[in-house]
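Colleague: Please find the sequence and the predicted model below.
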Amino acid sequence: MKTLHRADKLTHWLVSYGTYLELICIGVRAGNQAVCGCPSLAELHRQYRELLPQRSGDALDLAACHCGVIGALCRLREARGDIGRETCAERELRTRRRVHNEVLTRMLASLGSLDGGLSPPT
């Protein structure tokens, strides 16, 4: 039961984190200058590795994808006013977000499989 509780907490954290990153993306695309990393990803990796040692690489993939999205956001921010660079940055951001979402979805599915399907976050 303790494992399921920890998996449920991580599931909720991942859903919140995914929402947080989407809000950062929306903000930068709307002209906001602020971007930031997520130091909590290290703790996520530790906890995810304890629950799913065979899938611990997914948490590392998520951190790498997060860095890629943040880098793409910085390039987008820096490209403002240069249509060619801005178009390339938008394309890169879409690609990086897609890969990030694939990893996030894979992690959520792995956590959900611990008991045959945890209840969805509320």
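Modeller: On my side now, so go ahead.

Colleague: Any regions of the protein where pLDDT drops low?
Modeller: For the chain, the stretches flagged by pLDDT under 70 are 1, 115-122.

Colleague: again, 50 this time
Modeller: Low-confidence segments of the chain (pLDDT under 50): 117-122.

Colleague: Can you show me the helices along this protein?
Modeller: 2-29, 41-51, 57-78, 83-112 (DSSP state H).

Colleague: I'd like to know which of the ones you listed is closest to residue 35.
Modeller: Nearest of these to residue 35, taken as Cβ to Cβ: helix 57-78 at 4.9 Å. In this view, the C-beta of every residue, glycine as well, is placed from N, C-alpha and C.

Colleague: got the contact list for that closest one?
Modeller: Defining contact as Cβ atoms under 8 Å, 6 or more residues apart in numbering, one finds that helix 57-78 is touched by 21, 24-25, 28-29, 33, 35-38, 41-42, 44-45, 48-49, 52, 85-86, 89-90, 92-93, 96-97, 99-100, 103-104, 106-107, 110.

Colleague: ok, now with 7 Å
Modeller: Here helix 57-78 makes contact (Cβ atoms under 7 Å, 6 or more residues apart in numbering) with 21, 24-25, 28, 33, 35, 37-38, 41, 44-45, 48-49, 86, 89-90, 92-93, 96-97, 99-100, 103-104, 106-107, 110.

Colleague: pull the CA atoms of it into CSV?
Modeller: Presented in CSV, the C-alpha positions along helix 57-78 are these (Å, rounded to 0.1, in the frame of the first residue of the first chain):
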residue,chain,number,x,y,z
GLY,A,57,16.2,6.0,-17.1
ASP,A,58,12.9,7.6,-17.9
ALA,A,59,13.4,10.2,-15.1
LEU,A,60,16.8,11.0,-16.6
ASP,A,61,15.2,11.3,-20.0
LEU,A,62,12.7,13.7,-18.6
ALA,A,63,15.4,15.9,-17.1
ALA,A,64,17.3,16.0,-20.4
CYS,A,65,14.0,16.8,-22.2
HIS,A,66,13.3,19.6,-19.7
CYS,A,67,16.7,21.1,-20.5
GLY,A,68,16.0,20.9,-24.2
VAL,A,69,12.6,22.7,-23.8
ILE,A,70,14.2,25.4,-21.6
GLY,A,71,17.0,25.9,-24.2
ALA,A,72,14.5,26.1,-27.0
LEU,A,73,12.5,28.7,-25.1
CYS,A,74,15.6,30.8,-24.6
ARG,A,75,16.4,30.6,-28.3
LEU,A,76,12.8,31.6,-29.0
ARG,A,77,13.0,34.5,-26.7
GLU,A,78,16.3,35.7,-28.2
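
Colleague: Thanks again, I'm all set now.
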